[in-house]
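Peer 1: Got a predicted structure here, sequence first:
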Amino acid sequence: MTHPPVPLGTFPTPLEPAPRLAAALGLGPDDLWVKRDDLTGLGGGGNKIRKLEWTVGAAVAEGADTLVTTGAPQSNHARLTAAAGARLGLSVVLVLRGSPGASRSGNLALDGLFGARLAWAGPVDQAGLDAAAAGVCARLRAGGARPALIPFGGSGVLGARGYLRCGAELREQLPELRTAVVALGSGGTMAGLVAALGSGAVLGVDVGALADPAAAVTEFAAPLTTEHVSREGLRIRRDQVGAGYATLTGPVREALRLAARTEGLPLDPVYTGRALAGLCAAVADGTVRPGERTVLLHTGGLPGLFGHPDAVGFAEEEAEIFDVTG
């Protein structure tokens, strides 16, 4: 049984033209648009709100009083789960990879402000993180709480329904859409778009969060559409991962600078920065061509920039000094 979503965001989000960014990439002035899913409203915004409407909706319908989820220390999904809990009057426990003390900025600062409790799992892999979350849920139940475990990144068939709806929004806002470009992390965002728009209309830029993101997208998308979804039919770029998920690569630096200086559009260094870097590469190799309507999905994540020392250092170094002495 699929429970109805709980309203958390402000929809539809705007679709804005990006003519100066388009020109910088070598596209026509009407070719490039930005879907502003950083403006979903709750908790600093971002794509996870669409997924949480469904996953938290199910948790509430089943009587949960506590939300538990997992992620990296600067997880956007963890931040927005904390915000959703605050809005709905639910307790939240975030089970995070690593140890406390390395940073208290970015998303972590907002996690605390929203009232979430943090459970540090140490230097574990995904299986270890899942085991730690299961242990937290067991302890909560033993203490009389009713926890609901929200999946990693909010991604699954249920969470992907949020981007099934987003795909419908996009078709209504831009009927001539050819390609939607999106960061590919835990897989749910791309899966919902694939189910709504078709595999050929979605270009996912892998950020390195999963070893096999194509498997996740296929698994989550297939139940949401009557069309056949296969991993071979997906459009996925894996050329922007660099040295790993949390690293700031050269192409991402250039993408951050380009979006900021052509459109006044701040991106984050892990997801949206990689998405734009992937779009730049796709235009360069002819995967995305002039004359085609292309949408860059801005999935949010800006608070995470302030918890990323390399990105903050890079941004600060970008400021030129004006000599007031003449």
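Peer 2: Structure received. Numbers count the residues shown, from 1 in each chain.
Peer 1: how about low-confidence regions in the stretch 201-326 of the chain?
Peer 2: 326 (pLDDT under 70).
Peer 1: could you pull out the strands for it?
Peer 2: Counting by DSSP state E, counting those that start in this stretch, the stretch 201-326 of the chain has strands at residues 202-206, 235-237, 293-298.
Peer 1: Now mean neighbour count and distance to residue 12 too, for those, in a markdown table please.
Peer 2: (Each C-beta comes from the backbone N, C-alpha and C, glycine too.) As requested, these are arranged in a markdown table below (neighbours: other C-beta atoms under 10 Å; distance: least, C-beta to C-beta, whole Å):
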| stretch | mean neighbour count | distance to residue 12 |
| --- | --- | --- |
| strand 202-206 | 27 | 18 |
| strand 235-237 | 18 | 24 |
| strand 293-298 | 26 | 13 |
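Peer 1: can you put the ones you listed in a markdown table and add distance to residue 149?
Peer 2: Below are the strands of the stretch 201-326 of the chain laid out as a markdown table (distance: least, C-beta to C-beta, whole Å):
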| stretch | distance to residue 149 |
| --- | --- |
| strand 202-206 | 25 |
| strand 235-237 | 28 |
| strand 293-298 | 27 |
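Peer 1: Which one, of those, ends up nearest to residue 15?
Peer 2: The closest of the strands of the stretch 201-326 of the chain to residue 15 is strand 293-298. By C-beta to C-beta, the value is 7.1 Å.
Peer 1: Give me the residues contacting that closest one.
Peer 2: Residues external to strand 293-298 that are found in contact with it (C-beta atoms under 8 Å, 6 or more residues apart in numbering): 15, 18, 27, 30-38, 47, 170, 174, 176-183, 189, 193, 265, 267, 272, 275-276, 279, 288.
Peer 1: what kind of secondary structure is residue 68 in?
Peer 2: strand (DSSP: H, G, I helix; E, B strand; the rest coil).
Peer 1: how close does the nearest residue to residue 249 once chain neighbours are set aside get to residue 28?
Peer 2: Among residues not flanking residue 249 along the chain, residue 242 sits closest, at 3.7 Å (C-beta to C-beta, 6 or more residues apart in numbering). Distance of residue 242 to residue 28, computed by C-beta to C-beta, to the nearest Å: 30 Å.
Peer 1: Do you have the strands of the stretch 1-150 of the chain handy? List them.
Peer 2: 15-17, 32-36, 66-71, 91-96, 117-120, 147-149.
Peer 1: one step back: check contacts around the residue nearest to residue 249.
Peer 2: 208, 249, 251, 252.
Peer 1: give me phi/psi at it?
Peer 2: phi 60, psi -140 (degrees, to the nearest 10).
Peer 1: what does the one 5 residues further on give?
Peer 2: The phi and psi values for residue 247, taken as degrees, to the nearest 10, are phi -80, psi 150.
Peer 1: That one - nearest residue in space that isn't next to it in sequence?
Peer 2: Among residues not flanking residue 247 along the chain, residue 310 sits closest, at 7.7 Å (C-beta to C-beta, 6+ apart).
Peer 1: Helices along the chain, start to end?
Peer 2: 19-25, 48-61, 76-88, 107-113, 126-142, 157-173, 188-197, 213-221, 250-263, 272-284, 302-305, 309-317 (DSSP state H).
Peer 1: Verify the contact between residue 96 and residue 73 for me.
Peer 2: Yes. In this structure, residue 96 is within contact of residue 73 by C-beta atoms under 8 Å, at 5.3 Å.
Peer 1: which residues touch the residue nearest to residue 91 when sequence neighbours are not counted?
Peer 2: In this structure, residue 91 finds its nearest non-sequential neighbour in residue 66, 4.2 Å apart by C-beta to C-beta, 6+ apart. Counting by C-beta under 8 Å, 6+ apart, residue 66 makes contact with 90, 91, 92, 93, 140, 145, 146, 147, 148.
Peer 1: Cool, thanks, signing off.
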